[in-house]
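Trainee: let me see the structure of the following:
(one chain, ligands or ions: 2)
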Amino acid sequence: MPKVFIKTYGCQMNERDSEQVARMFTEGGYTVTGDESDADAILVNTCSVRDQAEQKAIGKMTHMARHRARKPHVVYGFMGCMAQSRGAELFQNVPHLDVVVGTQKYHKVFEYVDGILSKRLERRMDELELSMTGESVCDIEEEEGSQNTIRDHVTENINPSSFVSIMQGCNMKCSYCIVPDTRGKERGRPISDIVEEVKKLRDRGVVEVTLLGQIVNLYGRTEFDKIDGKSPFVQLLEQVSDVDGIERIRFTSPHPIGYRDDLVAAFTYLPKLCSHIHFPMQSGSDTILRAMRRPYKNEKFVEICEKMKAARPDMAITTDIIVGFPGETEQDFQDTVDTVKRLQFDNAFVFRYSPRRNTPAAEMENQLPESVKEERNQALLSVVNEIAIRKNDALVGTEQEILCTGASKNNKETLSGRTSQNKIVIFNGDHDRMTGKIFPVKVEESTGFTLYGTPVIH
Ligand code: 5AD
Ligand code: SF4
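Mentor: Numbers count the residues shown, from 1 in each chain. Ligands and ions are numbered 1, 2, ... in the order given. Down below sits the predicted model:
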């Protein structure tokens, strides 16, 4: 049985896309391996959002060429955002590359890879000299309906918490962002298809779903109507909430545009919605928000956060922030720091601005030196971390309801779970009995970012 190894960089959407690809390989008779040296096909699902992400993917792919020495038939492929944005030029960067597949063609990866692998294996059997020429495939075309192809899940090692991709693409034009280029226009899947997928997951023991979209709250706005003042996204939340057996619902990531009161209100009457949103702020300065072409003011962002905390007093909010955007002054940066202090985020990803090809910000003249970006990155991180640590410390001594998702990543002897606020708690217990269950845990210790506790039996 041939084996496929899939390495994923980037966002949760990419993880979900990789799962779809994995499923197609297992259906085609492959096994998925976690050991690249054992694989007949090696795929890297790539991210383009920052230069560092691209360099990592290229570095990894280059390094993995060594497996070809021992196994000359191995097929190598790039898929996802960097494949989409760089296309065939990747064959020049990475000479052993065979396949480049963009973000609207994940469902074709199996066909391309298996086609090449079968030919190579046949040739080897016939003891013909292995020739690698003329075999490569590059497919980065758009495809209508491609959002509907990310719908199947792996059938082994099912995680009780699953991702569901509800849409593709983004119609915003943030001046720093490559995503509209790599993921195309907003395209939503029909509500009924998504609900069917959620029911199938439920039948396999999934209890928590995270609905994924580039701007998830804008789901369906170009395809479906509002009903009773409710956006298509809120209609979807209601219907997913009606699925018996699904106990928790999350979504990521929302945008301030289209974050209206119907969505705020959903948190008051849909108890399955978890008390956490990952809500990218990007900057706390109106000048920078304008330069980023984000069409709202900082005050609007703050107002939505406050409404969310009023709707759910235990609401945790995490965010993304870019520092060192072209033209960001000390005052602009200070406005960001002040907003972080004011909103008391539970955590934040802080990114140094990275110029991306074909984006307006990359052409701006007032680019900042790396040293300034680095300095602001460190300064902001220390503010973010202090708040995050203080909030976690405050949970010591409390009982938190968690969903146990199985063995913890770093120590397989212990179990891991997440609170509704998305905080990780590590504890001891019976793996088979507890995985997929929701129960209270008494938090006993905090090491800053991770909580440790003991399950409570009432
Ligand atoms: N440079 C740095 N960070 C970026 N992001 C998106 N584009 C860039 C860029 N050019 C960040 C944003 C986004 C997150 C996924 O990545 O904060 O929310
Ligand atoms: Fe990276 Fe954005 Fe593509 Fe996700 S959608 S992989 S974050 S570039």
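Trainee: so residue 184 versus residue 309, what's the distance?
Mentor: 35 Å (CB to CB, to the nearest Å). All C-beta spots, glycine's among them, are computed from the backbone N, C-alpha and C.
Trainee: neighbour count for those two, which is higher?
Mentor: Ranked by neighbour count (other CB atoms under 10 Å), residue 184 and residue 309 place residue 184 first, with 21 against 16.
Trainee: residue numbers of the stretch 301-450 of the chain in contact with ligand 1?
Mentor: 320, 322, 351, 353, 354, 356 (CB under 6 Å from any ligand atom).
Trainee: just the closest of the residues you listed to ligand 2, please.
Mentor: Nearest to ligand 2 among those, counting by CB to the nearest ligand atom, is residue 356 at 9.0 Å.
Trainee: so is that closest one in a helix, a strand, or just coil?
Mentor: Put simply, residue 356 is coil when judged by DSSP: H, G, I helix; E, B strand; the rest coil.
Trainee: residues contacting it?
Mentor: By CB atoms under 8 Å, 6 or more residues apart in numbering, residue 356 lies in contact with 48, 49, 50, 51, 176, 177, 178, 362.
Trainee: residue boundaries of the helices in the stretch 201-350 of the chain?
Mentor: In the stretch 201-350 of the chain, the helices defined using DSSP state H, counting those that start in this stretch lie at 232-241, 261-269, 286-291, 298-311, 330-343.
Trainee: and the first one, how far from the chain's centre?
Mentor: Mean-position distance between helix 232-241 and its chain equals 20 Å (CA atoms, centre = their mean, to the nearest Å).
Trainee: can we start the residue count at 5 from this point?
Mentor: Renumbered: residue one is now 5, and that last one reads helix 236-245.
Trainee: now do that helix: which elements does it pack against?
Mentor: Where contact means 3 or more CB pairs under 8 Å, 6 or more residues apart in numbering; DSSP states H and E, helix 236-245 is packed against helix 195-207, strand 212-216, strand 252-256, helix 265-273.
Trainee: now with 6 Å?
Mentor: Helices and strands touching helix 236-245, by 3 or more CB pairs under 6 Å, 6 or more residues apart in numbering; DSSP states H and E, are helix 195-207, helix 265-273.
Trainee: what is the neighbour count of the closest residue to ligand 1 within the stretch 105-254 of the chain?
Mentor: Closest approach between the stretch 105-254 of the chain and ligand 1, counting by CB to the nearest ligand atom: residue 180, at 4.1 Å. Burial measure for residue 180: 25 neighbouring residues, criterion other CB under 10 Å.
Trainee: and for residue 201?
Mentor: Using other CB under 10 Å, residue 201 is surrounded by 21 other residues.
Trainee: got it, and residue 440?
Mentor: That count, for residue 440 with other CB under 10 Å as the rule, works out to 19.
Trainee: do residue 128 as well
Mentor: Neighbours of residue 128 (other CB under 10 Å): 13.
Trainee: list the residues that contact residue 143.
Mentor: Contacts for residue 143 (CB atoms under 6 Å, 6 or more residues apart in numbering) come out as 105, 109, 112.
Trainee: contacts for stretch 337-350 next, please.
Mentor: For stretch 337-350, contacts defined as CB under 6 Å, 6+ apart pick out 287, 288, 289, 309, 320, 321, 322, 323, 380, 387, 391, 395.
Trainee: before we move on, what about stretch 306-313?
Mentor: Identification of contacts with stretch 306-313 by CB under 6 Å, 6+ apart yields 260, 263, 268, 319, 321, 347.
Trainee: for residue 284, see how far away the fifth one is.
Mentor: Which is residue 321. Distance of residue 321 to residue 284, given as CB to CB: 11 Å.
Trainee: again, but for the fourth one
Mentor: Remark: distance between residue 319 and residue 284 (CB to CB) = 16 Å.
Trainee: the last one too?
Mentor: If you measure residue 347 against residue 284 using CB to CB, the figure is 13 Å.
Trainee: low-confidence ranges in the stretch 355-462 of the chain?
Mentor: Scanning the stretch 355-462 of the chain for pLDDT under 70 picks out 462.
Trainee: what do you get for the chain?
Mentor: Looking at the chain by pLDDT under 70, you get 129-138, 462.
Trainee: domain parsing for it?
Mentor: 7-143, 150-397, 403-459 (automatic domain parsing).
Trainee: ok, back up a step: which of the contacts of residue 143 are buried?
Mentor: Among the contacts of residue 143, the ones that count as buried by 16 or more other CB atoms under 10 Å are 105, 109, 112.
Trainee: you'd agree the first one is up against residue 113?
Mentor: Yes. Using CB atoms under 6 Å, residue 105 makes contact with residue 113 at a distance of 5.1 Å.
Trainee: overlap in contacts of those two?
Mentor: With CB under 6 Å, 6+ apart as the test, residue 105 and residue 113 both reach residue 83.
Trainee: my guess is residue 55 contacts residue 358. True?
Mentor: Yes. With contact defined as CB under 6 Å, residue 55 reaches residue 358; the gap is 4.8 Å.
Trainee: show residues contacting whichever strand or helix holds residue 96.
Mentor: Element membership for residue 96 (DSSP states H and E) is helix 94-97. For helix 94-97, contacts defined as CB under 6 Å, 6+ apart pick out 62, 82, 101, 104.
Trainee: list the residues that contact residue 381.
Mentor: 327, 354, 356.
Trainee: quick one: classify it as helix, strand or coil.
Mentor: At residue 381, secondary structure determined by three-state DSSP is helix.
Trainee: distance of it from ligand 1?
Mentor: Using CB to the nearest ligand atom, to the nearest Å, residue 381 is found at 10 Å from ligand 1.
Trainee: that older thread, got CSV for the domains of the chain, with distance to ligand 2 too?
Mentor: Listed next are the domains of the chain as CSV, based on distance: least, CB to the nearest ligand atom, whole Å:
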stretch, distance to ligand 2
domain 7-143, 3
domain 150-397, 5
domain 403-459, 18
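Trainee: hang on, the earlier thing: for the contacts of stretch 337-350, which one is nearest residue 167?
Mentor: The closest of the contacts of stretch 337-350 to residue 167 turns out to be residue 322 (CB to CB; 17.0 Å).
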